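Enquirer: Give me the fold of what follows.
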Amino acid sequence: MSAAGFILDAWLWAGAALGVLAVLLWLYSLVRNDVSIVDVFWSLMFLVAAVTYYLAAPGTGPMAGLVLALTAIWAIRLSAYIAWRNHGEPEDHRYQEIRKNNQPGFRFKSLYIVFGLQAFLAWVISLPLMVALSGQASPGPLAYAGVALWLVGFIFESVGDLQLARFKANPENQGKVLDSGLWRYTRHPNYFGNFTLWWGFYLLALSAGGWWTIVSPLLMSFLLLKVSGVALLEKDIGERRPSYAKYIENTNAFFPGPSGS
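Expert: Below is the predicted model of the structure:
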């Protein structure tokens, strides 16, 4: 099988797997009447895609095990954290707003508005994983740089989540804004970590000749900055948490930098 043939076949198989997962999650959301469960499974969609690519490859490359491990570590950690964070909570307010704006018939519409869309995005963004998993070149400077970038991103994302969880667990912090630790240098260390991590995956793909998969980190960056990340989270946060206005004045929105306070 030619390289182009493998890429097309593997990508289609991954798309089919993600489509089935999206339908199953949609059915589960109908039982729970809560579409925000998709957040728990968002990162796992990439793991499903990566495993599909791995199984579809006619032969695994020298970086296959590493790429699969990095994907699994990121996906399982993030999924477990969100599941723990959301346990016992009502449907996320963002999805409540989507539900309200898409009545009547949201229960059916959510199949493509929420679950189908997220599966499609994961399908496109997962392209570097496919190339990196199947690449036959030995790891070089680009691959090492990709792993280093992935590690920086993973630290920002996981440590940022841990710091926020500890902050919220303290009743004395009710109504306050976390502005210490990584949150002193960026208002969204977890989103910045996700951003950095996916550029790391791109470098791994680039080292295997997948320069064209740059659509993946660009799309992820756009989502984090302009759609479902920073822009959506801060859309009305000033109304819900007035003290956030001062935090905005003193702290970079996304890329880490010196605190203004």
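Enquirer: low pLDDT regions in the stretch 1-150 of the chain?
Expert: 1-6, 59 (pLDDT under 70).
Enquirer: Keeping just the C-alphas, turn stretch 88-99 into PDB.
Expert: Below are the C-alpha coordinates for stretch 88-99, written out as PDB (Å, rounded to 0.1, in the frame of the first residue of the first chain):
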ATOM      1  CA  GLY A  88     -22.300  15.500  40.700                       C
ATOM      2  CA  GLU A  89     -22.500  18.900  39.000                       C
ATOM      3  CA  PRO A  90     -25.400  20.000  36.700                       C
ATOM      4  CA  GLU A  91     -24.900  20.500  33.000                       C
ATOM      5  CA  ASP A  92     -22.200  23.100  32.300                       C
ATOM      6  CA  HIS A  93     -23.600  26.600  31.900                       C
ATOM      7  CA  ARG A  94     -22.000  26.900  28.400                       C
ATOM      8  CA  TYR A  95     -24.000  23.900  27.200                       C
ATOM      9  CA  GLN A  96     -27.100  25.100  29.000                       C
ATOM     10  CA  GLU A  97     -26.800  28.300  26.800                       C
ATOM     11  CA  ILE A  98     -26.400  26.200  23.700                       C
ATOM     12  CA  ARG A  99     -29.400  24.100  24.700                       C
END
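Enquirer: wouldn't G61 be in contact with G209 here?
Expert: No. The pair G61 / G209 is not scored as a contact, 10.7 Å apart, by CB atoms under 8 Å. Using the backbone N, CA and C atoms, a C-beta is placed for each residue, glycine as well.
Enquirer: Walking through the stretch 101-250 of the chain, point out its helices one by one.
Expert: 106-110, 117-125, 127-134, 141-169, 189-207, 215-222, 230-233, 237-240, 244-250 (DSSP state H, counting those that start in this stretch).
Enquirer: Tabulate the ones you listed (a markdown table), appending distance to R94.
Expert: Below are the helices of the stretch 101-250 of the chain laid out as a markdown table (distance: least, CB to CB, whole Å):
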| stretch | distance to R94 |
| --- | --- |
| helix 106-110 | 13 |
| helix 117-125 | 13 |
| helix 127-134 | 27 |
| helix 141-169 | 17 |
| helix 189-207 | 14 |
| helix 215-222 | 18 |
| helix 230-233 | 6 |
| helix 237-240 | 11 |
| helix 244-250 | 16 |
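Enquirer: mind putting those in TSV, distance to Y53 and mean neighbour count included?
Expert: As requested, the helices of the stretch 101-250 of the chain are exported to TSV (distance: least, CB to CB, whole Å; neighbours: other CB atoms under 10 Å):
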stretch	distance to Y53	mean neighbour count
helix 106-110	28	16
helix 117-125	11	19
helix 127-134	4	27
helix 141-169	17	17
helix 189-207	11	25
helix 215-222	13	17
helix 230-233	30	15
helix 237-240	37	11
helix 244-250	40	14
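Enquirer: coming back round to it: settle it for me: which of G61 and G209 has more neighbours?
Expert: Comparing G61 with G209 by other CB atoms under 10 Å, the one with more neighbours is G61, at 19 against 14.
Enquirer: Now for the residue nearest in space to the middle of the chain: which residues touch it?
Expert: Nearest residue to the geometric centre of the chain (CA atoms, centre = their mean): S43, 5.5 Å. Shown in contact with S43 (CB atoms under 8 Å, 6 or more residues apart in numbering): W74, A75, I76, L78, S79.
Enquirer: Pull the contacting residues for the last one.
Expert: In other words, S79. So S79 contacts V40, F41, W42, S43, L44 (CB under 8 Å, 6+ apart).
Enquirer: How about F106, nearest residue that isn't a chain neighbour?
Expert: Among residues not flanking F106 along the chain, R99 sits closest, at 5.0 Å (CB to CB, 6 or more residues apart in numbering).
Enquirer: Distance of the one you found relative to G135?
Expert: Going from R99 to G135 by CB to CB, to the nearest Å gives 42 Å.
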